[in-house]
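S.K.: predicted model follows, preceded by the sequence.
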Amino acid sequence: MDCGPILYIATRLWDCTAKRLVYIRELQENLNSLKILTEELSDLRKDVMVRVEHEEQLKQSRRTHEVGGWLRAVQLMQAQVEDILQKGDQEIQKKCHGTCCPKNCRSSYRLGKIVTKKIEAVTELKGKGHFNVVAHRLPCPPVDERPMGKTVGLDLMFDKVRKCLEDEQVRSIGLYGLGGVGKTTLLKKINNEYFVRRNDFDVVIWIVVSKPVSIEKIQDVILKKLGTPDEKWERSNKEEKAAEIFKLLKAKKFAILLDDMWERLDLLDMGIPHLNDQTKSKVVLTTRSERVCNDMEVDKRLKVECLTPDEAFSLFCDKVGDLVNSHPDIRRLAKIVVEECRGLPLAIVVIGRSMASRKMPRDWEQAIQLLKSYPAEFSGMGDQVFPILKFSFDNLDNDTIKSCFLYCSLFPEDHNIRNQDLIDLWIGEGFLDKFGDLNEARNQGEEIIRSLILACLLEGDVSKNKCKMHDVIRDMALWLSCDYGKEKHKILVLEDVKPIQAHETVKWKGAQRIALWGSYINAGFSVSPCFLNLQTLILRDSMMRSLPTGFFQDMPVIRVLDLEGNRRLHELPLETCRLETLEYLNLRWTSIEKIPIELKNLTKLRCLILDYTYGLDVIAPNVICCLLNLQMFSMILDNIGIKEYEEGFMVSMLQELECLQYLSEMSISLPTLPAVQKFLTSQKLQKCIQNLHLRSCQGLKEMELPLSTLQRMRSLAFQNCEHLERVKIKMGNGEKHGFSRGGLISNSNFLNLFCVNITGCLFLDLTWLIYAPSLELLMVSGSDKMEEIIGSTDEGGDSEIEQQSLTIFSRLNMQWLEDLPNLKSICRRALPFPSLKEINVLRCPNLRKLPLNSNNATNTLEKIQGESSWWGELEWEDDNLKSTFTPYFKKRC
């Protein structure tokens, strides 16, 4: 009998049965293995999750689909294994008592089989959990919204910027203004409320530039925003980064927002493509300096102004809260506090937070007193406001400009400072000594004022010859001048304190500079104050009649003494004539009656100003000639009062001035024909003249102006010279009334002459003004015979004037014509007037036509003033021209 088939079948049955028995026999061991493997899988999942969360949270990435699927599979597997292990525990507990045999072999078999398969599945899943990359970087949103609180007073400026951004001709915008005015807040508002909502830019990149500038850090910000992987550029140099940025941006419509710029940046050098018509990309920057806007060649410059009083009060109330309405006095006092901030948001916010804790009106009154007297000691000012504003000061180019800026704080709050006064004082202080020539020093002074205005540390327009300092900036300047507030009496500025008693001056003994405005010192001092460190003393605009005896006794290092505006001061204390270190003496607008002989002791005096000293009767002989270091002399008088004029005093004084070696700048009124003749024979005096006023010169019929020697002349006045008929221009090669023979305006001009004032003369015309291409202000009045302002030349006729029409009055800002009954013409043809702002015409009945056409003046013109009857009778080329200029007309009685 063949047993082979039976044996085969038996073997297969055994194998099958043995295999199934293994599931049952090794169930306990497999359950343990499954538990261990699952714990290892769980640990691996945790490691992967740590990597994923790091990438997602810190690197703005998203987990890969593979990783996400694996994590979900692990989570599901953990749940399944937990269920299996629970069933396994139950199955083990069901074994027969005292044996290893399960009560239900079928059930144990099935469970064992599941456990074995699950071990394989866990092992496989664990093997898949080793990832090189767990997340991919997310594409950046086009615009990142910036955190920003409630804004006050920015809506109007935001609307201006929005219109510029929507103007396709405007590619770049510069927002400038003083520190703390809200430029960054405005830029955030533009980012959030314009770019986020508009959403038609491919990318908007916000960059904080600040100082010191790091081009590569800026490039890193751009590359990160553009989603470039770190490993691709983190080891690249500046040029390689620029190439990558350029490649990524050149086809995009982008906007670059540059905050807190202090100097010019070459955008192309950083990789930012040139703004062109194809992409319509934009650049918006903020800066404290208008000069940065100029250097960046922005298409549109917008100054961010301080808040209006209502806006400032609203912001202040927002910081103080309901406390403002808790008491009527507190609301009244709150307005005083806000006024001290002059609309500067930074100061309003800091002071508002501080005032929020003051519950009683008395607390507010004390705070206001501190804020007015020692603002640096007010909570938040010295440690929050001033350090922020100081960045602008630190960024000034050199120590000279810094000294000039700090000096402006000697003027009172909200004071309009005449540029010439300020520059005179700077010269007196020696700030501009490195410029040996006073004319050059004066030009540099104007440039310093211009730079301070551009830096938003001064307010004003250089062309208007006035500037002012924001009150909070002024407080910061005083804080700096007093060594960050540590020496509060080093610089003293008082306004409207009357009278100042002797005991109050004790604390001044360490002062270096004292400025008293509208304040006077009690003349009955019983003791002589001691000012051993005093370099500058400004006593202006008071009603004092005299100064205390002994007041000037102990001032061993004083350099500047300014007594301007003390109109009741009749006598110069002799003590001042013993101030051997004095270099600057200003007696303008006083009633000083006599310049004593003792003044000649001031041998170091460089600047002497006697303008408008109405009471001046005597200047002692041989005083002026003893002031051997005198560089600047000024004596402009409206009403000549010096008695010695009849005896040739003015001629003698001109002779004394002529012999001064270092004299380089002179302003003077000449009241007599001999004085004029003496002036015209002295090239030395002609080269020094800055302001020349001829008043009531009886017998003067013709005035000769030599072009070659009057190059520094800034203003010229002929007043009540009743016989003066003609001005003759003396050229280098001859003389004539009109143009040079070549017909071209050359360097032989009054290049610095900006003001001409003519009253009560016999001129028929003022055609000689063609030699004043820099003229800004022209005033003509009370000249009955005047028929034309610009007529024809004696020899060349109208053709030569026509050739030069582009330069005639090209810088004229204001023209004032009054009481000219025979005036028929300003000029026989229309002039461009590219700078003209104001025309004033009063009682000129025969002036029937203005030299205007549709192409001139409308970009700058602000107003035309005159009588309604005169305006109604003016002749125009056509009705359109009249319609163009009618909106500028303002009635004047």
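M.R.: Yep, it's here. On a predicted model such as this, the values are computed, not experimentally measured, just so you know.

S.K.: assign Asp765 to helix, strand or coil.
M.R.: Going by DSSP: H, G, I helix; E, B strand; the rest coil, the secondary structure assigned to Asp765 is coil.

S.K.: what's the pLDDT at it?
M.R.: Here, the pLDDT recorded for Asp765 equals 91.

S.K.: quick check: nearest residue in space to Lys87, chain neighbours excluded?
M.R.: Spatial nearest neighbour of Lys87, chain neighbours left out: Leu111 (6.1 Å); criterion: Cβ to Cβ, 6 or more residues apart in numbering. The C-beta positions use only the backbone N, C-alpha and C, and glycine is treated the same way.

S.K.: quick check: phi and psi at the one you found.
M.R.: Main-chain torsions, Leu111, degrees, to the nearest 10: phi -70, psi -40.

S.K.: how about the longest helix seen in the chain: buried residues?
M.R.: Secondary structure of the chain per DSSP state H: the longest helix is helix 27-58. Across helix 27-58, burial judged by 16 or more other Cβ atoms under 10 Å covers 27, 30-31, 33-35, 37-38, 41, 44-45, 48, 52, 55.

S.K.: run the chain-centre distance for that helix.
M.R.: Taking Cα atoms, centre = their mean, to the nearest Å, one finds the center of helix 27-58 at 62 Å from the center of the full chain.

S.K.: could you say what helices and strands it packs with?
M.R.: On a contact count with 3 or more Cβ pairs under 8 Å, 6 or more residues apart in numbering; DSSP states H and E, helix 27-58 meets strand 61-63, helix 65-92, helix 105-127, strand 135-137.

S.K.: that helix - what's its average pLDDT?
M.R.: 84.

S.K.: quick one: contacts for Gly321?
M.R.: By Cβ atoms under 8 Å, 6 or more residues apart in numbering, the contact set of Gly321 is Ala356.

S.K.: may I have the beta-bridge partners of Trp517?
M.R.: Beta-bridge pairing of Trp517 under DSSP bridges involves Glu495, Arg540.

S.K.: now do the contacts for Leu630.
M.R.: Leu630 is in contact with Leu605, Arg606, Cys607, Leu608, Ile624, Leu660, Tyr662, Leu663, counting by Cβ under 8 Å, 6+ apart.

S.K.: now, of these, which are buried?
M.R.: For the contacts of Leu630, a burial check counting by 16+ other Cβ under 10 Å picks out Leu605, Arg606, Cys607, Leu608, Ile624, Leu660, Leu663.

S.K.: return the member of these nearest to Pro361.
M.R.: Cys607 (49.4 Å; Cβ to Cβ).

S.K.: okay, and the beta partners of that closest one?
M.R.: Bridge pairing for Cys607 - DSSP bridges - gives Tyr584, Met632.

S.K.: touching, it and Arg588? I think so.
M.R.: No - Cys607 lies out of contact with Arg588 (Cβ atoms under 8 Å); the separation is 11.4 Å.

S.K.: residues in contact with Glu862?
M.R.: Contacts of Glu862 (Cβ under 8 Å, 6+ apart): Lys837, Glu838, Tyr888.

S.K.: just the residues you listed now: which is nearest Asp475?
M.R.: Nearest member of those to Asp475, counting by Cβ to Cβ, is Lys837, at 33.3 Å.

S.K.: next, count neighbours for that closest one.
M.R.: 17 (other Cβ atoms under 10 Å).

S.K.: re earlier: from the buried ones among the contacts of Leu630, which is closest to Lys150?
M.R.: Comparing the buried ones among the contacts of Leu630 against Lys150 with Cβ to Cβ places Cys607 closest, at 52.8 Å.

S.K.: in contact with the closest one, which residues?
M.R.: Asp424, Ile427, Gly428, Glu583, Tyr584, Leu585, Asn586, Leu630, Gln631, Met632 are the contacts of Cys607 under Cβ under 8 Å, 6+ apart.

S.K.: mind running it again at 7 Å?
M.R.: Residues near Cys607 by Cβ atoms under 7 Å, 6 or more residues apart in numbering: Asp424, Ile427, Gly428, Glu583, Tyr584, Gln631, Met632.

S.K.: tabulate the residues you listed (a markdown table), appending neighbour count and distance to Cys697.
M.R.: Output for the contacts of Cys607, formatted as a markdown table (neighbours: other Cβ atoms under 10 Å; distance: Cβ to Cβ, whole Å):
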| residue | neighbour count | distance to Cys697 |
| --- | --- | --- |
| Asp424 | 24 | 27 |
| Ile427 | 24 | 30 |
| Gly428 | 24 | 31 |
| Glu583 | 21 | 33 |
| Tyr584 | 23 | 31 |
| Gln631 | 23 | 27 |
| Met632 | 24 | 24 |
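
S.K.: turn those residues into CSV, including distance to Met261.
M.R.: Below are the contacts of Cys607 laid out as CSV (distance: Cβ to Cβ, whole Å):
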residue, distance to Met261
Asp424, 35
Ile427, 34
Gly428, 36
Glu583, 41
Tyr584, 39
Gln631, 41
Met632, 40
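
S.K.: tally of neighbours for the residue lying closest to Val506 once chain neighbours are set aside?
M.R.: Of all residues not flanking Val506 in the chain, Pro529 sits nearest, at 7.7 Å (Cβ to Cβ, 6+ apart). A total of 20 residues lie near Pro529 under the criterion other Cβ under 10 Å.

S.K.: right, and Glu56 touches Ala135 too?
M.R.: Yes - taking contacts as Cβ atoms under 7 Å, Glu56 lies within contact range of Ala135: 6.1 Å.

S.K.: wait, isn't the residue nearest to Val506 in contact with His503?
M.R.: No - the pair Pro529 / His503 is not scored as a contact, 10.1 Å apart, by Cβ under 7 Å.

S.K.: tally of neighbours for the closest residue to Ile368 other than its chain neighbours?
M.R.: Of all residues not flanking Ile368 in the chain, Ile336 sits nearest, at 5.6 Å (Cβ to Cβ, 6+ apart). By other Cβ under 10 Å, 14 other residues sit near Ile336.
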